[in-house]
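**Q** I would like the atomic coordinates for the input below:
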Amino acid sequence: MGVNCRDADDLMSAVVDGEVVGRALGEFEEHIGRCRSCRVGLELEKITKRTVTKHLQPVAAPQSIVDAILNSIASAQAMRRGQKGRNWHIPVLHTFRPVVLIPAAAALVLAVAAIILFRPEVLRIGRGKASADVLTAAIRNYDSLRLGTAPLEFVSRDPDSVKDFLRGKVDFRANVPILDSYHLVGAGVTSYCGVQCAEVLYRRDMVFVYMLQMNRLEVCRSSTEAVPLPVTASIDRGEWYLGNNGDSSGVVVWVNGEILCFAVAGMDEKVL
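**A** Below is the predicted model of the structure:
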């Protein structure tokens, strides 16, 4: 019968965890290849799991809070038993079993534990928002466009049409190169600290290449922290900067005349 969208949604978490194999995995991958919505869902599932692993660090709960939770449970149990006509003295235990928790107490434990046991770092998300540096902004934009959460303003496979679209919207002549085995998806205009930037997107199957271009002089004037020092050091030597996003995304930065160019893709930076 194969896998439908509902089946794919049910399987996504297990697939990302490597728990689905054989025929089931084959049918899942066949469906993902046909359904764009499910492909996006799968990418979101992967990003979510990476984010949880990377940004949520377990920390020890203070004993005072643990005692407060246990006291609340004990009090709730005592009140419940008291309503039945008997007064029970419930000692505060330092271990407890979930089976003895009444629903309200269990909800309290879950809610407080969720706050205490995980301390999230600040996760900056959102295309077009100001960031600490333009390299971070390029990576954000790549993720947004790849996932379809920030669609391009102009969609076309024709380089000349894309150049015409960008002409006059940015204060430089944007590059729209032809990439072997990749087709052009389209372009858009975004901004960094008030500086207009051109963005161009390419695709081959499920692999995307995102280019962000801007006037180097203008972006450096906009903020002293706009371009990270390692990037500046490389391009000042006339070299390309190669880096990665800490996952499967490679980043390349170079200068073409007055234009500062960033390329981000889901591949090793050396391959990119």
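**Q** how many neighbours does the nearest residue to Lys169 once chain neighbours are set aside have?
**A** Residue nearest to Lys169 in three dimensions, not counting chain neighbours: Val189, with 4.8 Å by C-beta to C-beta, 6 or more residues apart in numbering. The way it works is simple: take the backbone N, C-alpha and C, and place the C-beta from them, glycine included. Counted with other C-beta atoms under 10 Å, residues neighbouring Val189 total 16.
**Q** Which residues does Val189 form beta bridges with?
**A** Legend: beta-bridge partners of Val189 under DSSP bridges are Ala198.
**Q** Return the residues in contact with it.
**A** Under the criterion of C-beta atoms under 8 Å, 6 or more residues apart in numbering, the contact list for Val189 reads Glu153, Leu166, Lys169, Val170, Gln196, Cys197, Ala198, Glu199.
**Q** Distance to Glu239, neighbour count and pLDDT for those residues - can I get that in TSV?
**A** Below are those laid out as TSV (distance: C-beta to C-beta, whole Å; neighbours: other C-beta atoms under 10 Å; pLDDT from 0 to 100):
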residue	distance to Glu239	neighbour count	pLDDT
Glu153	32	14	87
Leu166	27	24	94
Lys169	30	15	92
Val170	25	21	92
Gln196	27	17	90
Cys197	22	26	92
Ala198	23	27	94
Glu199	24	26	94
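**Q** Quick check: of those residues, which lies closest to Tyr142?
**A** Comparing the contacts of Val189 against Tyr142 with C-beta to C-beta places Glu199 closest, at 9.1 Å.
**Q** Any figure for the gap between that closest one and Arg39?
**A** 21 Å (C-beta to C-beta, to the nearest Å).
**Q** repeat for Arg167
**A** 33 Å.
**Q** Looking at these two now, which is surrounded by more residues?
**A** Ranked by neighbour count (other C-beta under 10 Å), Arg167 and Arg39 place Arg39 first, with 17 against 11.
**Q** List the residues that contact the more buried one.
**A** In this structure, Arg39 makes contact with Ile32, Gly33, Met206, judged by C-beta under 8 Å, 6+ apart.
**Q** Give me the buried subset of these.
**A** The neighbour-count criterion (16 or more other C-beta atoms under 10 Å) marks Ile32 among these as buried.
**Q** could you dump the contacts of Arg39 to JSON lines with pLDDT?
**A** Listed next are the contacts of Arg39 as JSON lines, based on pLDDT from 0 to 100:
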{"residue": "Ile32", "pLDDT": "83"}
{"residue": "Gly33", "pLDDT": "83"}
{"residue": "Met206", "pLDDT": "79"}
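**Q** How is this protein divided into domains?
**A** Using automatic domain parsing, the domains assigned to the chain come out as 5-56, 63-116, 134-265.
**Q** okay, the ones you listed, which one's buried deepest?
**A** For the domains of the chain, average neighbour numbers computed from mean count of other C-beta atoms under 10 Å are highest in domain 134-265, which has a mean of 18.
**Q** Report how far apart the opening and closing residues of that domain are.
**A** Separation of the first and last residues of domain 134-265 by C-alpha to C-alpha, to the nearest Å is 16 Å.
**Q** Gly266 against Val251, yeah?
**A** No - counting by C-beta atoms under 8 Å, Gly266 stays clear of Val251, with 11.1 Å between them.
**Q** Looks to me like Cys261 is in a strand.
**A** Yes - counting by DSSP: H, G, I helix; E, B strand; the rest coil, Cys261 is located in a strand.
**Q** Would you agree Ile259 is in contact with Asn215?
**A** Yes - in terms of C-beta under 8 Å, Ile259 counts as a neighbour of Asn215; the distance is 6.9 Å.
**Q** quick revisit: with respect to the domains of the chain, which exhibits the lowest mean confidence?
**A** With a mean of 51, domain 63-116 has the lowest mean pLDDT of the domains of the chain.
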